[in-house]
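Chemist: Dropping a prediction and its sequence here:
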Amino acid sequence: MAAPNAAEHAPKRRKTRQDSGSVTIGGKTISVAGYLTSARPKQVEANGLKSTLQAPSQEQPSNVTSQPQQSTKKPSFESSGTNNKSRNPRGAKDHPLLKARRELPIWQHQDEIRTVVKRLGTDVIVIVGETGSGKSTQVPQFLYQESWCKRHKVKLPGREEDGYVGGMIAITQPRRVAATTLAHRVSTEAGTPLGKGRPDGLVGYSVRFDHQVPRGARIKFLTEGTLLQELLRDPYLRQYSAVVIDEIHERSLDVDLLAGFLKQILFGDKTQRGGVPLKVIIMSATAEVGVIQEFFGNAAIPGKEKASNVELLRIRGRQFPVTILYEPRPVADLQDALLKKIFKIHVEEPLPGDILAFLNGQEDIESAQRLIEEYATSLASNVPKIIAVPLYGQLSIEAQRVAFLPAKSPLTRKVVLATNIAETSVTVPGVRYVVDCGKAKVKQYRPRLGMESLLAKPISKSSAVQRAGRAGREGPGKCFRLYTEDAFDSLEDSDLPEILRNDVLGAVLTMKARGIQDVLSFPLIDAPEPAAIEMALLHLHFLGALADDGTITPAGEMMARFPLSAPLGAVLLAASGPEFDCVLEVIDAISCLTSGDDIFMHVQSEEAAEEVESYRKDIQRREGDIITYLTTMQMYTAENSDRMEWCKKRKINIRNMKQALNIRRQLRGMCLKEKLLSEMPAPDPQPFTPLSPEKAESVIKCFLRGFAMRTAMLAPDGSFVTVHGKHVVAIHPSSVMHGQKKEAIMFLEHVYTNKNYAKKVSAIQAAWIAEALGR
Ligand SMILES: Nc1ncnc2c1ncn2[C@@H]1O[C@H](COP(=O)(O)OP(=O)(O)OP(=O)(O)O)[C@@H](O)[C@H]1O
């Protein structure tokens, strides 16, 4: 049944039908005229249940279908006489998913892949294959049983006893959600699914603050950042036989650093790995292959003349076709067009078939979710239901997983509202339709201003192709692009690498911690502006991570070891000193600050906001957001009756609170190991005692050690002007400090959207800034 008819059943307060062709949802009038004219009711079967839906639309504006190509072609390199028998990885024999794996285009290229990777002298293999061809899930499974992938007992320089090298394959992903979902999928395919109470298994994962690596694991999915952390402890990556860099086209800052370190290992002292080669496999559907070949093929490391051997392997074909549909003309209001498209798909396309929609960011997702929920309440009982699920980076891992669960009933259509975190590598089970708004919020750092902007910009062609690739993974799919074909043609081929547009503070610290003295000559696919590196060096010097001669200090080494940004690392270190002595309090605040999405949920209506404010009175502190987060953690952990209810009343996200607790536990453990804490504190629940004003001052002063550059003074006209750069900033409405006038403020986040906003704000005194800067 179609939306306009369904609107008749809607509660009048929420949604009103204006005329036969439009509905008003959440104050927005959406025209759905014409949806019904060509539609005929059609019986569809969903898991044996029958429902009435509209027939698919005949309208096919400017369609392009990327047909599945039968993957009978050989890959573009010459294989050296391997047969094409399909090997069945150990542990996966007779597994129900084996049939699905065999149908993936990459399956019949497995012997060629094995041959090329095995070939002596081949250092780097670039595999380019269409989205959904099976790269991420299959390549590690094809390789882990190879003889070169075994653990080798070897002599290592400077060691009396034999050491071990190899045995595992690392496969990196740009994002946590891809690493964890792939690990779950591949562990299931391999016959050793991950899960509690399963200590042994072939596949694991490791992402920031979350690790599941079973005993005997041979394949490990990691984020690029986690592998960089491992490099600090294991500079020659001795535990690995191969490193697979997946989705290199995203060109995150971490992947560029990783490429540089891998190149150094490939060209470096082979005795450090006991002569055992490290295989490097680079994969993507849309990578600029020439750039990667040139980077790895060309030594460009002083004193090393030899080029490494780079082989290219193209896997042709995808499993299912994806029909691309463009808008006939530019849309005036993207959010409006997006909702219309989702409602249209819901009434016209058969079930099963979930929708994955790409939006600009969290705010757009939240408002779309609300409007879809309103629409859902208006649907008649005999119409399939529709549910909206958010998926964005700031959500906790647990909250992100909800998007991957099937809808509870086969007669419910799930709409996943995602940012570009679902763009690459990710399979959202059940998705047949992708709606692409053609934009993404891009963070851009301006080194001279020391400021970040976060603005919605058109995506690249590479992103558009990746987004379309999320449909057609379990059957034929459709991708609705909310822009014209001409607009697509005018998009850039690829995005600007992050290293050229982001703050390189963390990257420079990682290089220094790995002993790279001259960071300007570190091998990078694209080198950032020298000004950006100089700013980072100065900032690290201020944080105490670098000595006057530019070498890393013991404090800097410790900051690099913590899975925190360098400024937060500096805060922790300051807290451990006798001057402040507040490590536990700082850990409590940092845990809440880094647990993903804001633990405080937004409240829409004024009435609800007033009610929540009254409940939040006991946690809100006049010192600002940091002490409010800290108090929240302390009250939450002191609560021993019903934590769920406690959070619910205050509109605190319980999942993020649990994640904060997990981070708190890990940070406490790390601080104990690094001797920033002398003993583990008593277990929860401990009675709550409000933080004294003196302690609160100490905590804020510790944060100033990391964030003195992010401070602003009250100007005579009532605005705040930053100390560094002299920009006017406004306190973001999400802050407890919003609307207040204080002598000075410190903010942990600074973002330009429609206005220059300071977020996570604390009240400070001007003298404290001078004290922190003048140390
Ligand atoms: N979590 C999952 N749940 C269900 N099916 C999955 C899952 N992960 C992968 N698959 C199936 O395996 C197929 C291959 O996925 P894989 O990630 O290996 O492809 P890929 O070539 O790496 O694609 P991309 O370049 O888009 O990441 C998917 O099209 C899908 O059918």
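Modeler: Received it, and whenever you're ready, just let me know what you need.

Chemist: my read is Met737 is in a strand, agree?
Modeler: No. With DSSP: H, G, I helix; E, B strand; the rest coil as the criterion, Met737 is assigned coil and is not in a strand.

Chemist: Three-state assignment for the nearest residue to it once chain neighbours are set aside, please.
Modeler: Counting by Cβ to Cβ, 6 or more residues apart in numbering, Val761 is the residue found nearest to Met737 once chain neighbours are left out, at 4.3 Å. (Glycine included, C-beta is placed from N, CA and C.) Under three-state DSSP, Val761 falls in the strand class.

Chemist: Can you get me a residue count around the residue nearest to Pro406 when sequence neighbours are not counted?
Modeler: With sequence-adjacent residues excluded and distances taken as Cβ to Cβ, 6+ apart, Pro406 is closest to Gly430, at 5.8 Å. Gly430 sits with 22 neighbouring residues when counted by other Cβ atoms under 10 Å.

Chemist: ok, Gly430 - contacts?
Modeler: Pro352, Gly353, Asp354, Pro406, Ala407, Lys414, Glu474 (Cβ atoms under 8 Å, 6 or more residues apart in numbering).

Chemist: Hmm, the fifth one is touching Val416, no?
Modeler: No. Under the criterion of Cβ atoms under 8 Å, Ala407 is not in contact with Val416, lying 10.5 Å apart.

Chemist: shared neighbours, those two?
Modeler: Common contact partners of Ala407 and Val416 (Cβ under 8 Å, 6+ apart): Asp354.

Chemist: The residue of the stretch 501-650 of the chain found nearest the ligand: neighbour count?
Modeler: Proximity of the stretch 501-650 of the chain to the ligand (Cβ to the nearest ligand atom) peaks at Ile525, 19.7 Å away. The tally of other residues near Ile525 (other Cβ under 10 Å) stands at 19.

Chemist: Residue numbers of this protein in contact with the ligand?
Modeler: Contacts of the chain with the ligand, taken as Cβ under 6 Å from any ligand atom, map to 104, 129, 131-138, 181, 185, 285, 424-425, 427, 429, 469, 473-474.

Chemist: Any stretches of the stretch 101-250 of the chain with poor pLDDT?
Modeler: Across the stretch 101-250 of the chain, residues meeting the criterion (pLDDT under 70) sit at 120, 122.

Chemist: just to revisit the earlier point, more crowded one of Ala407 and Val416?
Modeler: Val416 (25 against 19).

Chemist: Verify the contact between that one and Phe358 for me.
Modeler: No. If you go by Cβ under 8 Å, Val416 and Phe358 don't touch, sitting 9.6 Å apart.

Chemist: got any residues that touch both of those two?
Modeler: Both Val416 and Phe358 are contacted by Ala422, under the criterion Cβ under 8 Å, 6+ apart.

Chemist: give me the residue from the stretch 601-750 of the chain nearest the ligand.
Modeler: Here the residue of the stretch 601-750 of the chain nearest the ligand is Arg655; by Cβ to the nearest ligand atom that distance is 20.6 Å.

Chemist: tell me which element that residue falls in.
Modeler: Applying DSSP states H and E as the criterion places Arg655 in helix 654-673.

Chemist: next one: that helix to chain centre, how far?
Modeler: Offset of helix 654-673 from its chain centre (Cα atoms, centre = their mean, to the nearest Å): 20 Å.

Chemist: Give me the number of neighbouring residues for Pro321.
Modeler: 17.

Chemist: That one against Gly472, yeah?
Modeler: Yes. Counting by Cβ under 8 Å, Pro321 does reach Gly472; the two are 6.2 Å apart.

Chemist: one step back: how much space between the residue nearest to Met737 and the ligand?
Modeler: Remark: distance between Val761 and the ligand (Cβ to the nearest ligand atom, to the nearest Å) = 39 Å.

Chemist: what about that residue, how many neighbours?
Modeler: 28.

Chemist: show me the contacts for it.
Modeler: Gly624, Asp625, Ile731, His732, Ser735, Val736, Met737, Ile745, Met746, Phe747.

Chemist: Ranking by neighbours, what's the top pick from the residues you listed?
Modeler: Within the contacts of Val761, neighbour counts (other Cβ under 10 Å) peak at Asp625, which reaches 30 neighbours.

Chemist: Can you tell me the closest non-neighbouring residue to that one?
Modeler: Here the residue nearest Asp625, using Cβ to Cβ, 6+ apart, is Lys760, at 4.8 Å.

Chemist: which residues touch the one you found?
Modeler: Lys760 touches Leu593, Asp625, Ile626, Ser735, Phe747, Leu748, Glu749, counting by Cβ under 8 Å, 6+ apart.

Chemist: Quick check: helices, which of the residues you listed are part of them?
Modeler: Mapping the contacts of Lys760 onto helices (DSSP state H) picks out Leu593, Asp625, Ile626.

Chemist: Looking at those residues, spot the one nearest Ile169.
Modeler: Nearest to Ile169, judged by Cβ to Cβ, of those is Leu593 at 34.3 Å.

Chemist: isn't that closest one right up against Tyr629?
Modeler: Yes. The pair Leu593 / Tyr629 is scored as a contact, 6.0 Å apart, by Cβ under 8 Å.

Chemist: who's in contact with Cys592?
Modeler: Going by Cβ under 8 Å, 6+ apart, Cys592 touches Ile599, Tyr629, Leu630, Thr632, Met633, Met657, Ala660.

Chemist: what about it, distance to Phe542?
Modeler: Per Cβ to Cβ, to the nearest Å, Cys592 is found 25 Å from Phe542.

Chemist: quick one on the thing from earlier: output the contacts of Val761 as a markdown table; include the columns pLDDT and distance to Gln110.
Modeler: Listed next are these as a markdown table, based on pLDDT from 0 to 100; distance: Cβ to Cβ, whole Å:
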| residue | pLDDT | distance to Gln110 |
| --- | --- | --- |
| Gly624 | 96 | 57 |
| Asp625 | 96 | 53 |
| Ile731 | 95 | 57 |
| His732 | 91 | 52 |
| Ser735 | 91 | 54 |
| Val736 | 92 | 57 |
| Met737 | 94 | 58 |
| Ile745 | 97 | 58 |
| Met746 | 97 | 55 |
| Phe747 | 96 | 52 |
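
Chemist: Adding distance to Met535, write these out as TSV.
Modeler: Listed next are the contacts of Val761 as TSV, based on distance: Cβ to Cβ, whole Å:
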residue	distance to Met535
Gly624	27
Asp625	26
Ile731	25
His732	24
Ser735	26
Val736	31
Met737	28
Ile745	22
Met746	20
Phe747	19
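
Chemist: now, which of these sits nearest Gly569?
Modeler: Proximity of those to Gly569 (Cβ to Cβ) peaks at Met746, which lies at 17.0 Å.

Chemist: in the sheet, who's paired with the closest one?
Modeler: Thr711, Ser762 (DSSP bridges).
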